[in-house]
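In: here is my input, please return the structure:
(chains A and B)
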There are 2 protein chains.
Amino acid sequence: MALLVQKYGGSSLATPRQIREIAKQIARARSEGTQMVIVVSARGDTTDDLIDLAREVHPEPSQAGREYDALLATGEKESAALLALALLAQGVAAISMTGAQAGIQTDSVHRKARICGFDPAPIRRQLAQGKIVIVAGFQGVDREGQITTLGRGGSDITAAALAAGLGAERCEFFKDVPGFHTADPRHVPTAAVLKALCYDEAMELGSVGAQIIHPRAVELARRYRIPLLIRQTLSEAPGTWIQEVAPMENIHGIRGVVADTRVVKISVIGVPDRPGVAAALFVPLGQARIKTDMIVQNISHEGLSDISFVVAQDEAQEALAIIQEKARSLGAVEVQFDPEIARISIVGGGIASHPEIAGEMFAALASVGINLEMISTSEIKISCIVRQEHAQKALQILHDRFELGKGDAIEN
Amino acid sequence: MALLVQKYGGSSLATPRQIREIAKQIARARSEGTQMVIVVSARGDTTDDLIDLAREVHPEPSQAGREYDALLATGEKESAALLALALLAQGVAAISMTGAQAGIQTDSVHRKARICGFDPAPIRRQLAQGKIVIVAGFQGVDREGQITTLGRGGSDITAAALAAGLGAERCEFFKDVPGFHTADPRHVPTAAVLKALCYDEAMELGSVGAQIIHPRAVELARRYRIPLLIRQTLSEAPGTWIQEVAPMENIHGIRGVVADTRVVKISVIGVPDRPGVAAALFVPLGQARIKTDMIVQNISHEGLSDISFVVAQDEAQEALAIIQEKARSLGAVEVQFDPEIARISIVGGGIASHPEIAGEMFAALASVGINLEMISTSEIKISCIVRQEHAQKALQILHDRFELGKGDAIEN
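Out: Numbers count the residues shown, from 1 in each chain, chains lettered A, B, ... in the order given. Next up is the predicted model:
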């Protein structure tokens, strides 16, 4: 029997009415004879409310990772039980499970744990009894039995991991948007929904600010060859497929353009130019599981050089604390912190085979007077750091220049 | 090293400020060198809010006991993690545990599970590391790993069970009242706080409406000889001790008078007077773990008799459904349902040795024109069912008649 994994985000489950509607949607999908595993996030603002509470009793609750995880994991457990109740009320056999009950084993890095094992037996046992299994996303349990969480967007990772571990036919992600757009439609009115992306493109788009699906979920799906479908909750729109080869190629090979303003630039000024300096800075950041991006080291100047990099806003304070300590022990001149930036990225599988694209991007931005502070390129992505106030103008000019919202995209 | 178990109710933990204050109180108690295990309830109205949510997605969520329990158990987990965070913020080593993590094993009767086993090793391991252990009350886990809950007031049971299983020196219950009163001070202004009660008296007072501590918690403490102390949160008042023999006896041997209006009378009219009828009614109620009280069967009249009993308001609908079905199959004439009653009880170890007390109670009630509908007596308690509108008058006359609020009680 075919197995389908579906994931519902918190904004889709915010009210009892939404939960009842989603239960009906699931019951309909189920009546087509598919086995179903549903992964849920915490409802609405539950997670933020819990974080606020934690901050009122502890100055930096995230440093008490074990308790922080034990607290935050309750939000998804609540959603899972409520959705199971709503399905039972529809006369549909259903059972909720915590991450631990669902066999999701992680390492012990609180707040940013990684799934390191999955025992499919508990879920398979319930599926065999004809039940729909509702799993609390975002969480697992380590070898000691401690509750862990997977970080923001972690429910996406849970869904992809379950789809991989159970050999699902596909994994569907229900969002409050109809799929991946060629650009954020709030900023670019002509943006359109993409019919399909390959895994790499979706990962790059996800990692540069299109908060549709967590890049690690896409990475997992790619490794296990699980097709993903991004759909809008309670809508008949076809959504965006993410799979091995996107079925169509548009003329430029550019899928979309993304602006991310939730990033911060950190610069270490005047560090000695000798081996091991970069390692001294970036190894401790990696150990803290802080993702750095666009690392740039300028040319040495009288034996001193500057190192700049970009981190996500919500990890910036932690990164800054680590870097300030390391900069001191390296004898650096100073550490600068710049939150007023935006990262503008174009993403598409055609970038590698169209070397002219980078120049076209820089020229388009220059044509409207936007200065570039940092640049980084990969096989399928080009990113530039600009002043934050230029983000929207940059989005619009690039969307126009590469004629996005046409070709393989479908009308929004 | 001495071990102390403390339990904090939901109203003591409602706001972040209260949680911080309680963390300070615990830190002070801890600095006296005692090992500490803290049991917490869900914060403020959390449990009621979760029940409301459940009702919005399921017409009778309590019938879906497994999911209901999985939902409700999240409230105490939240409290436990928040209190652990608040202690860590004070620089006190602390760790929170769910019921399952704390080794609390129960049977599989959802919503009303009973603790059937306790593994002290996980808590002892943390205590040995110098940590204060915060346990989510009200919950456990059955042999299948399903989350169960112990029913309303279940955190009291958790605290007593942990005190028993860990051999605690005593178990303290922090409430929003300064202890057991001779009568409800909202209704009887002269009521005073009792210094001490024996276990039996506390159980009887608890089972007839003085919602200070769950009777099953007292029962457990009695079996394992754990002294209990009822105290007011963040107060220096001495509270009420509950232990084997109350240190003083007052002249009448009456400890208090209690009115419970949260009860309902159910009467089965015209059942055949033959063996097995009472069993046919009460065995299924017992299987549903519904507690019945004051069962009265009148004298047979032309081969038919009437059976009346009292149940708690929140179990009345469930009891009624069971009784109506059984009454039909027994060929009873009708089932009556009367919520307009109150149960007035006097409780004290002296009742058995003072046979005049019952008559004095009935005479006192008659002197103010109160009619008695049902009567039941035990070694240490006499209860009467009266019209609900007479409850307060009954309380006052009995409190006066037996001169409560004097003798061994301390001033309120």
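In: rest of the way, CA atoms for contacts and neighbours
Out: OK.
In: the longest helix that chain A contains near chain B at all?
Out: Assignment by DSSP state H gives helix A:65-89 as the longest helix of chain A. Yes. Counting by C-alpha under 8 Å from any C-alpha of the partner chain, chain B is contacted by helix A:65-89 at A:67-68, A:70-72, A:74-75, A:77-78, A:81-86, A:88-89.
In: how long is stretch A:378-395 end to end?
Out: One end of stretch A:378-395 sits 19 Å from the other (C-alpha to C-alpha, to the nearest Å).
In: quick one: mean pLDDT for that stretch?
Out: For stretch A:378-395, mean pLDDT is 89.
In: check contacts around residue A:324.
Out: Residue A:324 sits next to residue A:335 when contact means C-alpha atoms under 8 Å, 6 or more residues apart in numbering or on different chains.
In: measure it to residue A:306 for me?
Out: Separation of residue A:324 from residue A:306 (C-alpha to C-alpha): 14 Å.
In: picking up where we left off before, next SSE downstream of the longest helix of chain A?
Out: Next helix or strand after helix A:65-89 toward the C-terminus (DSSP states H and E): strand A:94-97.
In: run me through the strand neighbours of that next one, direction for each.
Out: Taking DSSP bridges as the criterion, strand A:94-97 pairs within the sheet with strand A:132-136 (parallel).
In: tell me what angle the strand it pairs with forms with helix A:65-89.
Out: Relative orientation of strand A:132-136 and helix A:65-89, computed by axes from the mean of the first three to the mean of the last three C-alpha atoms, to 10 degrees: 160 degrees.
In: for strand A:132-136, the distance to its chain's centre please.
Out: 21 Å (C-alpha atoms, centre = their mean, to the nearest Å).
In: in chain A, which segments are predicted with low confidence?
Out: A:207-210, A:245-252, A:299-300, A:407-412 (pLDDT under 70).
In: give me the distance from whichever strand or helix holds residue A:159 to the chain's centre.
Out: Using DSSP H and E, the element containing residue A:159 is helix A:154-166. Distance of helix A:154-166 from the chain centroid (C-alpha atoms, centre = their mean) equals 13 Å.
In: got the angle for that helix vs helix A:65-89?
Out: Relative orientation of helix A:154-166 versus helix A:65-89 (the same axes, to 10 degrees): 70 degrees.
In: show me what the following helix or strand past helix A:154-166 is packed up against.
Out: Moving toward the C-terminus from helix A:154-166, the next helix or strand (DSSP H and E) is strand A:170-175. Other helices and strands packing on strand A:170-175, by 3 or more C-alpha pairs under 8 Å, 6 or more residues apart in numbering or on different chains; DSSP states H and E, are strand A:3-8, helix A:154-166, strand A:228-232.
In: moving C-terminal from strand A:170-175, which element do we reach first?
Out: As assigned by DSSP H and E, the chain's next helix or strand after strand A:170-175 is strand A:193-194.
In: quick one: that next one to chain centroid distance?
Out: The chain centroid and the centroid of strand A:193-194 are separated by 18 Å, computed with C-alpha atoms, centre = their mean.
In: quick one: list the elements packing against it.
Out: Using 3+ C-alpha pairs under 8 Å, 6+ apart as the contact test, the elements touching strand A:193-194 are strand A:409-410.
In: can you count the residues close to residue A:338?
Out: The number of residues packed near residue A:338 is 12, by other C-alpha atoms under 10 Å in any protein chain shown.
In: what's the separation between it and residue A:114?
Out: From residue A:338 over to residue A:114 the distance is 30 Å, taken as C-alpha to C-alpha.
In: what of residue A:36?
Out: 24 Å.
In: ranges for the strands of the stretch 301-412 of chain A?
Out: With DSSP state E, counting those that start in this stretch as the criterion, the stretch 301-412 of chain A has strands at A:304-312, A:334-338, A:341-347, A:374-377, A:381-387, A:409-410.
In: in JSON lines: those strands, plus distance to residue B:95.
Out: Formatted as JSON lines, the strands of the stretch 301-412 of chain A follow (distance: least, C-alpha to C-alpha, whole Å):
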{"stretch": "strand A:304-312", "distance to residue B:95": "30"}
{"stretch": "strand A:334-338", "distance to residue B:95": "35"}
{"stretch": "strand A:341-347", "distance to residue B:95": "40"}
{"stretch": "strand A:374-377", "distance to residue B:95": "44"}
{"stretch": "strand A:381-387", "distance to residue B:95": "43"}
{"stretch": "strand A:409-410", "distance to residue B:95": "52"}
